Every structure is written in C-alpha cells, then in structure tokens.
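Colleague: heads up, no residue letters with this:
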Ligand code: SAH
C-alpha cells in the first residue's frame, strides 16, 4: 500500500512585516499544498501563499467566529492524512502563546511527520520596531512574557508581587482588555507608579503606533489614542528609551502600505525600492504575459519576418515593451529564423524606453532610436521627425496593444505591419482580492501602483465590489492614468515612465 501520509509544518509567520518571515518559513510556505492560517497573519505574508494552495482561514476574520482549537487540530490531521504538504501558519512564533503544542498532540498520536519553523515573536520584535530594547544592562536583567488574557470566568493567575520584585521588563500579550487591571495590580504589588510603560499597536505593520506613558497613566493614554488590537503592553525602564531610539517613523515612506499589481517576475525592483524606503508592499500580480506560440501565430510571425526582406528602402522594427523584445527572440528561436538576415538588410531598431532598450541589449543590439518621453505615440512621432517620412515599420508587441502608435503611422501614411507576439492574461486570486478590498476600505492600504493600463483593467476585474473612487493610485504614465481615471480611481501620475519616477511620485 502506498503511504499517503502528508506532512505538517508549524510555521511562525512573525509579527507582520514580510521581511520578518524567516527564510525557511518562506521556503516552506511557497511549496505548500494546504495553508491553515489565522487572523494574525498579515496581508503581506498572506500574499506569499501560492495561488495553487488550498487556503483554510481559521481566524476570527473568516466569519466572525474562531474555529475551535480541536477543530483546527482535526483539520491539520485530515489534510495530512490526505497526503498534503500542510503549512500551519501562525502569527509570531508558534510556541509563544500560539497553542503550537496543542496542535502537535493529535499529529503525534497519529504518527504524522511534522517540522517546526520558529518565527519572530511579537514579544521582542514589536518593541524593537518601537525603539525599545527589551533588555539593556543599565535597566534590567530579565524579560518576562506574560499572557494578560484571563481564562473565561476565572481571574488571572498572574503573580504580580513576584513580577514586581524582579525589576524586569514585563511584556503582556493579549492584555489590552485587561490593561487597567494589569497596571492597577502592578502598583498594588509595590511597583513605582512612575515606571515607564508602553502600549504598542499593530507592531511592524505600516500602521504601527506606540503610546509611551507610565504604569499609572498608561490606561488613560491608551484610551485617548483609541488603541486597537493586536497590541502588546511593555512595562519597565527600557520604555523610556523609545523616544530617542524610535526609528521606523524616520523612514521616508513610513506608515504607507501599497499594493503592487505588476507581474511577479517584474515586480521585484519596484517592491524593493519601496520597501527600502520603509513602505509596506503587498504584491498582487494581476496579469501575466505569455508569448503567443500557436501554430497559426507562428506562421504569421514567420511571414512578418520574411516580409522585412521583401520590402525595399529604410526599415524599422519597433518594440514597445521588454516583453515584446523577449517574445520576438523566443519566436525567432521557435521558427528557426536567423537574426543576421535583418542585419544584412540594415534594419534599424526603435524602443519605447529604457527598460526595453536594456532588454534589447541583452541580445547584443543597441537601439537606434528611443524617444525622450517613454510612450508609443512619442516613439512613432519622434521616429518620423528624425528619420523622414517613408520607412517601413514592423511592430512586435502585445495582442491588445493600444492604437495610438499606429494612428500616428497612419496619419503620416507610413506602411507598417503590426505583429502580436505576446498576450496578457488576467490572474484572479479571490482571497487576496477580498483582503485588499478590506484593506482599502479600512485604510490599512493607502495606494495601488499601476504600471500599465492592462494592470488597471485586470485589477478592477478582480475587485468588483468596491467603490473605485476610494482607491488612490500611482500610475506610470498618462495612458495608465487615463485607464484608472475611467474607473473613477483617484490618480497620481509619475513624471516619467520609470519605476524611480513612480517611487518619487509616491514619496511626494
Ligand atoms: N504567537 C504570537 C502571539 C500570539 S498571542 C507571537 O509570538 O507573537 C496574540 C497576541 O500577540 C496579541 O493579543 C498581541 O498581544 C500580540 N501580538 C501579535 N502580533 C502583534 C503585533 N503585530 N503587534 C502587537 N501585538 C501583537
């Protein structure tokens, strides 16, 4: 009999910031077949769950009630017995008030193999992101992590007098509901009411907030700030360091969370640049581009290539995107055409902008023309201005490319062939789309970045039940902006059609 047993990975997702997920955690997550996660797992991290994986949300957000612990244990067992690679993704570290231990019991009983991937616990990372070192030789020699959550009906079992005697840093998780009682009990047990204390909300996320006060004033200060969960309470002298050590707020894009919609293979530069400036980025690739390789299309491509050698006079090949270049060369290979043929004809190459020029360079060709403003219309207009009125133009570009480039050619009576070499597919991830709608409505997400009109169309087709006028977007150029405006989206346009210019636009 085939052993159909799967395996379970108990993975700590960290406190929220995607950069605080461990390398191992990310690896395991990306090859998961089933992911069981709860409410503490951030949208940034959830966006890493492969779209092929079955997702089971056992958190409160799902349908406003928690899936009971026994139920979760059973889900893990059943999914593993079906032979799946199951990732149980938990906020922070699975063994720090994470019930990780309870979830293993049934697996052990049933001989299911498992691994534990520890995570960065909120107990130390949330203070760090607020400039609070949980230990410091001048102030404290121990740290205590305590649950502030009393069992239903019963009073809490915290030994306040013991804690106070230690002169330690005290970190309370799940304590916001009991904040008043915690502070009062500490003072009653002999703590100096002037002891520095802090409440840290949504730590390591774009919207993290810190309230620094004393044990005596903390409750009032937290109320005034309308602190919400998740939040931790830190009590101890180290809290006094927060004001001078706080660093997150100093980053240029601190507090901003954006959605990047470009295809995954291309999103990394934009994402990296935004994150380097302190922004939080949720990647939601809404399109995918594929080279068109159906037989009929291959024949069309071959004919277009042959046509170039039949026409006399000046010849130009124009590319309006890096993908156009990539697909052109991939089709050359498939159809066994030889690029040297074009060289012998003296064919010239025009590119829409720098990214396309770079892609062409990868194939050993230096573009003969690139306009100052990176758009198709400028490419055609500039070409005509600089090189006269009668070249023959071949366009290798997207199937659904915009018409403005060919309109310029037609207005100037220039002969051309327009060859579709790649196609744009819309990717729909309903779960992520719902998270993003909620994020926009609740103002957890501030901006959506659009790098093409097709990204706008694909994004809006994913998010159907949101009021588009609530969305603020940064668009790469006028064409993309026009597409977004059509949906009523509030639009900011980058000065130039480059990633750097988009980042600059957001910074402003
Ligand atoms: N296993 C988790 C803790 C789970 S208990 C860990 O290691 O972090 C849940 C509590 O953790 C919340 O009530 C809150 O007190 C704290 N918490 C988790 N993430 C947090 C965050 N990003 N900011 C502030 N508190 C957080």
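Modeller: Yep, it's here. Treat the numbers as computed from the prediction; the structure is a model and nothing was measured.
Colleague: how about stretch 7-18 against the ligand, any contact?
Modeller: Yes: if you take Cβ under 6 Å from any ligand atom as the test, stretch 7-18 does meet the ligand, through 15, 16. From N, CA and C alone the C-beta is placed, and that goes for glycine too.
Colleague: In the stretch 301-450 of the chain, which residue sits nearest the ligand?
Modeller: residue 444 (12.5 Å; Cβ to the nearest ligand atom).
Colleague: no no, the chain
Modeller: As assessed by Cβ to the nearest ligand atom, the ligand sits closest to residue 92 within the chain, at 1.9 Å.
Colleague: quick revisit: might you report the residue contacts of the residue of the stretch 301-450 of the chain closest to the ligand?
Modeller: Residues near residue 444 by Cβ atoms under 8 Å, 6 or more residues apart in numbering: 43, 205, 206, 207, 257, 438.
Colleague: any idea how far it is from residue 437?
Modeller: Using Cβ to Cβ, to the nearest Å, residue 444 is found at 11 Å from residue 437.
Colleague: okay, and for this structure, where does confidence drop off?
Modeller: The chain contains residues with pLDDT under 70 at 1-4, 60-65, 150-156, 265-267, 389.
Colleague: any idea which strand is longest in it?
Modeller: strand 416-426 (DSSP state E).
Colleague: At the contact with the ligand, which residues of the stretch 251-400 of the chain appear?
Modeller: Counting by Cβ under 6 Å from any ligand atom, the stretch 251-400 of the chain has no residue next to the ligand.
Colleague: residue ranges of the strands in the stretch 251-400 of the chain, please?
Modeller: Along the stretch 251-400 of the chain, counting by DSSP state E, counting those that start in this stretch, strands occupy 257-260, 280-283, 287-291, 315-319, 348-351, 392-398.
Colleague: I am assuming residue 324 contacts residue 420, so please confirm or correct that.
Modeller: No: when contacts are counted by Cβ atoms under 8 Å, residue 324 is not listed as touching residue 420 (9.7 Å).
Colleague: any common contacting residues for those two?
Modeller: 397, 398.
Colleague: Tell me which of those two has more neighbours.
Modeller: More crowded of residue 324 and residue 420, by other Cβ atoms under 10 Å: residue 324, with 27 against 18.
Colleague: for that one, what are its contacts?
Modeller: With Cβ under 8 Å, 6+ apart, residue 324 has these contacts: 356, 396, 397, 398, 421, 422.
Colleague: And residue 56, by the same measure?
Modeller: 34, 35, 36, 37, 75, 79.
Colleague: cutoff 6 Å now
Modeller: residue 36 (Cβ atoms under 6 Å, 6 or more residues apart in numbering).
Colleague: before we move on, what about residue 493?
Modeller: Contacts of residue 493 (Cβ under 6 Å, 6+ apart): 475, 481.
Colleague: Look up phi and psi at it.
Modeller: Main-chain dihedrals, residue 493, degrees, to the nearest 10: phi -110, psi 140.
Colleague: Show me what it bridges to in the sheet.
Modeller: residue 475 (DSSP bridges).
Colleague: For residue 261, see how far away it is.
Modeller: Distance from residue 493 to residue 261, by Cβ to Cβ: 16 Å.
Colleague: what do you get for residue 478?
Modeller: 18 Å.
Colleague: what's the burial count for the closest residue to residue 323 other than its chain neighbours?
Modeller: In space, and not counting its chain neighbours, residue 323 is closest to residue 289: 4.8 Å by Cβ to Cβ, 6 or more residues apart in numbering. The number of residues packed near residue 289 is 21, by other Cβ under 10 Å.
Colleague: What residues does residue 289 make contact with?
Modeller: Residue 289 touches 323, 422, 424, counting by Cβ under 6 Å, 6+ apart.
Colleague: Correct me if wrong: the last one contacts residue 454.
Modeller: Meaning residue 424. Yes: Residue 424 lies in contact with residue 454 (Cβ atoms under 6 Å); the separation is 4.8 Å.
Colleague: Can you pull the residues that touch both of these two?
Modeller: Jointly contacting residue 424 and residue 454 under the rule Cβ under 6 Å, 6+ apart are residue 287.
Colleague: thought residue 499 was touching residue 270?
Modeller: Yes: counting by Cβ under 6 Å, residue 499 touches residue 270, with 5.1 Å between them.
Colleague: Give the buried residues for the helix or strand in which residue 480 is found.
Modeller: Using DSSP states H and E, the element containing residue 480 is helix 478-486. Neighbour-count burial for helix 478-486 flags 478, 479, 480, 481, 483, 484, 485 (criterion: 16 or more other Cβ atoms under 10 Å).
Colleague: what's in contact with the helix or strand hosting residue 435?
Modeller: Using DSSP H and E, the element containing residue 435 is helix 430-441. Contacting residues not belonging to helix 430-441 are listed as 43, 47, 55, 259, 284, 445, 462, 463, 466, 471 [Cβ under 6 Å, 6+ apart].
Colleague: burial count for the second one?
Modeller: For residue 47, the neighbour count with other Cβ under 10 Å is 21.
Colleague: Same question for the first one.
Modeller: The local packing of residue 43 (other Cβ under 10 Å) involves 21 other residues.
Colleague: Same question for the third one.
Modeller: By the criterion of other Cβ under 10 Å, residue 55 has 17 neighbours.
Colleague: What residues does it make contact with?
Modeller: So residue 55 contacts 35, 431 (Cβ under 6 Å, 6+ apart).
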